[in-house]
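1. please work out how this folds:
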Amino acid sequence: MPRLNAVGISGLKAGEDVKNQGLITMSLTWRASAEWDRRWALGLVISLLLHVSALTLWPRHAPTPPTAGEPLAVRLLPVGPAASAPASPLPAAPMPPAPKHTTPPEPRPTPPARKPEPRPASTRPLSTPSPSATPAAAAPASAPAAAASSSNNSANSAAASTGPAAGAGGGEARTPARWQAAYLHNPPPDYPWQARQRGQQGVVWLSVEVSAAGECAQASVLRSSGVSALDQAALAAVRRWRFVPARQGQTPVESKVEIPIRFKLSDEGAEE
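-> All right, here's what the predicted structure looks like:
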């Protein structure tokens, strides 16, 4: 009986020890979880404070309304004549390369010409030349030249055609073709836009073949203005013109005339 009591007492002690250890373990676990919850709560509070302070201290700038752009003032200046308003300077042409100075070769001394040895005079009598046919042939040859010259002059001016041609040949008077008649309604050429912007102007001389019907059969540039756009504008306009054909007496004939067209910076554009 005493032995059983001792075993029971020792068992009770062992049970109490296990119980105590369990209580100690539970106490430590609760303390650790409480400490962890305290740290989480502290971190959450600090984060909330930082966010609130950032929102209150952040400068609030009202969005600036978009400013309307300042209006651009556009003023059209009338293009005046070239005498009153200087034309815009043309782009400077590239300077040609300086010519290389080459020393001319020294002239070689020419040998003195040999004097021809005097030959004995011939004893044969000189034959007198017979009358040649050259002057007679020269006279007809000069006639076509004079006719061609008079025809060229008659094509270029009325005075040259009506005077000598009618007086020499006794034929009918020839009048040149005309293009200045008001009833023909020949419009002036259009001034090219690029040439007007660059201030380019000049005079174009055209050679025009006028048919007997008073139309432009062919036109070409006789003397350029120096600006290709002006030359082409003059050609395009003259090819649409109507003419008073040249006449041989009362008969319309084909002829050729020279027409100057002046491109001048003014409100009217090109001039004849």
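2. in the stretch 51-200 of the chain, which ranges drop under the pLDDT threshold?
-> Counting by pLDDT under 70, the ranges of the stretch 51-200 of the chain that qualify are 58-94, 96-171, 182-183.
3. any idea how far residue 260 is from residue 254?
-> 21 Å (C-beta to C-beta, to the nearest Å). Every C-beta, even on glycine, is put in place using the N, C-alpha and C of the backbone.
4. actually, residue 181.
-> Between residue 181 and residue 254 the distance, using C-beta to C-beta, works out to 18 Å.
5. likewise for residue 235?
-> Taken as C-beta to C-beta, the span from residue 235 to residue 254 is 19 Å.
6. with residue 210 instead?
-> Residue 210 is 7 Å from residue 254, by C-beta to C-beta.
7. any common contacting residues for the two?
-> Contact with both residue 210 and residue 254 is made by residues 217, 245-246, according to C-beta atoms under 8 Å, 6 or more residues apart in numbering.
8. by neighbours, which of the residues you listed wins?
-> Greatest neighbour count in the shared contacts of residue 210 and residue 254, by other C-beta atoms under 10 Å, goes to residue 246: 25 neighbours.
9. list phi and psi for that residue.
-> Backbone dihedrals for residue 246, given as degrees, to the nearest 10, come out at phi -70, psi 150.
10. need the pLDDT of it.
-> Residue 246 is assigned a pLDDT of 91 by the prediction.
11. can I assume it is in contact with residue 174?
-> Yes. Applying C-beta atoms under 8 Å, one finds residue 246 in contact with residue 174, separated by 6.7 Å.
12. overlap of the contact sets of the two?
-> residue 253.
13. so what's residue 248 up against?
-> 172, 174.
14. so how far is residue 259 from it?
-> From residue 248 to residue 259 the distance is 21 Å (C-beta to C-beta).
15. residue 175 too?
-> Counting by C-beta to C-beta, the separation of residue 175 from residue 259 is 17 Å.
16. and what of residue 234?
-> Applying C-beta to C-beta to residue 234 and residue 259 gives a distance of 8 Å.
17. so for the two, which residue has more residues nearby?
-> Neighbours per residue, other C-beta under 10 Å: of residue 234 and residue 259, the larger number sits with residue 234, 29 against 20.
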